[in-house]
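Participant: pasting the sequence and the predicted coordinates here, then a few questions.
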Amino acid sequence: MKNPYIPYEVKIEEAWYETPGDRCIKTFKVTFADEKVWDDWSHLPGQCAMVGIPGVGESMFCISSSPTEKGYLRFSIMKMGKNTSALHELEAGDSFYVRGPLGNNFPLEEWKGKNVITIGGGIGQAPLRPVIQWIRDNRDDFGELTVIYGARTSADHCFKPEFEDLGSCGDACCHLAVDVEEEGWPHFVGFVPTLLMEVSPSPENAIAVTCGPPIMIKFVLENLEKLGFAPEQVYTTLENRMKCGIGKCGRCNVGHLYVCKDGPVFSYSQLKEIPEAFA
Amino acid sequence: MVDIEKLREIAREIISRDDVRQLIGYRQGTYGFRARPAFVTDPGEVDKLIFSPACVNNLATYITLEERLPVPRGQEPDLRKVAVMVKGCDSRALVQQMEEKAYERERILVLGIPCTGVVDMDKVEKRFPGVLARGEIVLEGDKFLLTYDGKEEEVAKGELLADKCTRCRYPTPLVYDQLLDEEVARFADDDYADVEALEKRSAEEKWAYWEEKFSRCIRCYSCRNVCPMCYCEDCVLDRLNPQWMRRSVDVSENTAYHIARAYHLAGRCIQCGECQRVCPVDIPLMELNRKFYKDVEELYDYEPGTNAEAPPLLSTFKVDDREDFIM
Amino acid sequence: MAVKKLSKDKVKEALQELTKFRLIAPAKSDEVVIFKQIENPDEAYLEYGNSTVPPKRVVFPQTETLFRFLRGSPELKEKDVEEEGTTVIFGLRPCDARAMAIVDRLFSWDYEDPYYLKRRQLTTLVGLACVEPPSVNCFCTSLGGSPFGTEGLDILLTDMGDHYLVQALTEKGEKLQETLSAHLEDAPAGDEKKAEELAAAAEGKIARSINTEGIPEKLPTLWEHELWKKVSAACLGCGICTFLCPTCHCFDIQDEVEETGEGRRARMWDSCMFSEYTLHASGHNPRPTRRERTRNRISHKYSYYPKRFEVIACVGCGRCINLCPVNIDILEILEQVVDAS
């Protein structure tokens, strides 16, 4: 039997900061040290991996690249605790270790032919990025793509160059926001849930996906309901403290569901039944 | 002997007060001779309160164990008092907590129980195995009277008495707002005979002894959690970043844990014995605590938990402090 | 295979025979009984009620290495469980064996846990029937177990007074019985019938019970019920109830590095009753108080686990009741769940 606790070594091809500050976000573009691993590896948007350094630890992160981006994986990691601080020390040429892919994925097969609206806040854009990329790379399979994204300031926006690209190529309708007024900001000023109401997407033949801070998700879910989205049309991802990532160690459960194994992707109709989901 | 009706009457008055939020006392346990903590917030609940030699828990722990979540915006914090029943030994935990400024005296209302000794439940259950129906223990003179399953048995006090009670210097609480009975005069003293016996062993003997004990430890942390003096909000043992102590369980880490625990209680342990009582694998933790207790008394003439106005021993320096033991 | 008898005066030589394997048996230090590896048959203590620490620690050690590494080197050296060799747990109680059968479902669900499962493969379980229930708080019969239960066991021993009745239950058990054949004799006629009578008598002596019907479905409906605050009020937040539970299986994973640069990734028992169990790196804790933690402990055992694995994760061994420092009693909690509206 394959040992699911043994990680693969990955080499950093490129690493760059997405955002500044104490809780800065750094993106790592990596490839497996042993090329043969690619033969066994297949992931889908929404899936995660345990990322870490032997001697420091491991934490669960979403894979922020789409499988349509061949030959590399991307992780965008916010500096938060012990493990993420150690990862932030690493640069191109360095290695770290990855276990995965873990968890479930966004049901993009089921979404074929539908309009997709992504609603992200801060680092919450990381799991949405592979969804957007997947749709762009399979453009004819989907209807309209609407991307709503906000962060505290423009400097706190992840994936900035990609948004510029998205806006100009006609693949998607982009709506960006910052929480507070700043000079030279041409887009929306205010919180993401408010921007969502401004954009006011139609629920007809549509799927909404939202990731971000819990408080944002709470109001986005409320607003989506106001816009007429049924719980089955709404998806989000959850996160919890994790250790094994494979449904054994126990700690990440919300109600009877393991976030690591049954998630991280859940439909709102699933979560509505779980009082602990938004604890 | 605490009159239960009087206890309940006083409790009813206290819990009816506007400035009291909760009363922590004892009630009958779920089986056999056990008693357990009771948390009363309503006058209607006072009739479950009891006191008997089965009331072994030190309830002072709950004063500092209480979880205080952030007060939601727009709400006022609940500043009402907590009333707590304490025996003599337990009261010293309150004194020591207040000596360390864990909280203000006004926060608590103390119901003192002059105590004639509690049982060691292990001894009781060994002597009367297999008792499921709720039984009762009372002290009559120098005998415990045990009633269960329609039977009544007498046992000499010394046979079931908790070890700590055989050397109790403070049977009457040292802090209280109301005393539930007449003061109990000191009926025992501490000659540290047990500690002296341990001190006489060679270093090798001591190591072999403790290695075997610590090898059993499962690090459930019940000894820490039950301790009224272990109330740091952010315990060094729980710290994940940086991690001061490994979570792996082996003799080495277990020893480090127990040394850290004992040292943090030097000059603070008030000898309620709860750590040793709750240990599921019977590690004689009080032997460590008592060694420190004896040293502190001999070196500094200080007994923790006896004077709320005194500065805590280890945060004070006196020029004439003894230092001949420093290597 | 025929039932056999193991005469009590031959127990030591049988145990001696078994020391060619990794032999685990109950042993007593002070008043505490713990399963441990024994090299000398005299260390085994079979006249016990039940062990304080369940034998789950043999197949799921409190701390175990997953792999080793050297800082700076990319090579990871996986721990080889096979090295531990064939293991016999001798004299465990039926409830603790049944607990292993229950936990097997978790460790083999979806991803297979190689450490646990290999160790299970290597281990033969020789049970000791409870002629007398070890504790007043035993309630195995409420959970589908029994003092003479065989689920999870390879061999069942029954104390018949001057000898043990030996019944092999599985292929593994038969193999071990074969190994012990020199020390076994044919069982006296009527032994099996007598054992059945002892079993019925032992079941009758189980004094506590709970009707679990409907509890798994009801628990999620009581999420905000006031009972959780009440039943957790006295909780100290220690790990006794979970660490000493034969079905509790939660663990932490930690990396440990020595000054030499040699290190290991290890896992160790963790408890849902500890506050840092669910603490996020951000400082947020989705289960901020003992109320939420107690609710999770009971819900996991009696609702989440049966929902996924079709069996309640409790065998009624009574340890959590016997050893709780503040007499929190799972049966009382479950009764409140049943009565709650």
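Facilitator: Done, it's in.

Participant: pLDDT score for residue 184?
Facilitator: I'll assume chain A. Looking at A:Gly184, its pLDDT is 91.

Participant: my question was about chain C, not that one.
Facilitator: Listed pLDDT for C:Leu184 reads 96.

Participant: any idea how chain B splits into domains?
Facilitator: B:4-179, B:193-315 (automatic domain parsing).

Participant: up against chain A, what does the stretch 101-250 of chain C have?
Facilitator: C:106-107, C:109-115, C:117, C:220, C:223-224, C:249-250 (Cβ under 8 Å from any Cβ of the partner chain). C-betas here are computed from N, CA, C, even on glycine.

Participant: neighbour-wise, which of these leads?
Facilitator: C:Asp113 (26 neighbours; other Cβ atoms under 10 Å in any protein chain shown).

Participant: measure the residue nearest to that residue when sequence neighbours are not counted to C:Thr65 for me?
Facilitator: Ranked by Cβ to Cβ, 6 or more residues apart in numbering or on different chains and with sequence neighbours excluded, the top spatial neighbour of C:Asp113 is C:Phe107, at 4.1 Å. C:Phe107 sits 17 Å away from C:Thr65, going by Cβ to Cβ, to the nearest Å.

Participant: ok, now A:Cys48?
Facilitator: Using Cβ to Cβ, one obtains 25 Å as the distance from A:Cys48 to C:Thr65.

Participant: and the two? Which one has more around it.
Facilitator: Neighbour totals were compared for A:Cys48 and C:Thr65, and A:Cys48 leads with 29 against 17 (other Cβ under 10 Å).

Participant: helix, strand or coil for A:Ala155?
Facilitator: Recorded secondary structure, A:Ala155: helix (DSSP: H, G, I helix; E, B strand; the rest coil).

Participant: quick check: it touching A:Tyr17?
Facilitator: No. With contact defined as Cβ atoms under 8 Å, A:Ala155 does not reach A:Tyr17; the gap is 10.4 Å.

Participant: and residue 212, how many residues sit next to it?
Facilitator: Defaulting to chain A. 24.

Participant: looking at chain C here, not the other one
Facilitator: 18.

Participant: please apply the same query to the one 5 residues further on.
Facilitator: Applying the criterion other Cβ under 10 Å, we find 11 residues in the vicinity of C:Glu217.

Participant: that's a helix at it, yeah?
Facilitator: Yes. Applying three-state DSSP, one finds C:Glu217 inside a helix.

Participant: list the residues that contact it.
Facilitator: C:Ser303 (Cβ atoms under 8 Å, 6 or more residues apart in numbering or on different chains).

Participant: now it: how far from B:Asp321?
Facilitator: Remark: distance between C:Glu217 and B:Asp321 (Cβ to Cβ) = 65 Å.

Participant: counting by contacts, list what the helix or strand containing B:Val95 packs against.
Facilitator: Applying DSSP states H and E as the criterion places B:Val95 in helix B:88-99. Judged by 3 or more Cβ pairs under 8 Å, 6 or more residues apart in numbering or on different chains; DSSP states H and E, the packing partners of helix B:88-99 are helix B:61-65, strand B:81-86, strand B:108-112.

Participant: which of the ones you listed sits closest to C:Gly149?
Facilitator: C:Gly149 lies closest to helix B:61-65 among those, at 38.6 Å (Cβ to Cβ).

Participant: how about the closest one against chain C, any contact?
Facilitator: Yes. Against chain C, helix B:61-65 shows contacts by Cβ under 8 Å from any Cβ at B:Thr61, B:Tyr62, B:Leu65.

Participant: excluding chain neighbours, what is closest to the first one?
Facilitator: What it means is B:Thr61. Nearest one to B:Thr61, counting by Cβ to Cβ, 6+ apart, is B:Pro228 at 4.4 Å.

Participant: look at that neighbour and give its secondary structure.
Facilitator: Classified using three-state DSSP, B:Pro228 is coil.

Participant: C:Val338 too?
Facilitator: Secondary structure, three-state DSSP: C:Val338 is helix.
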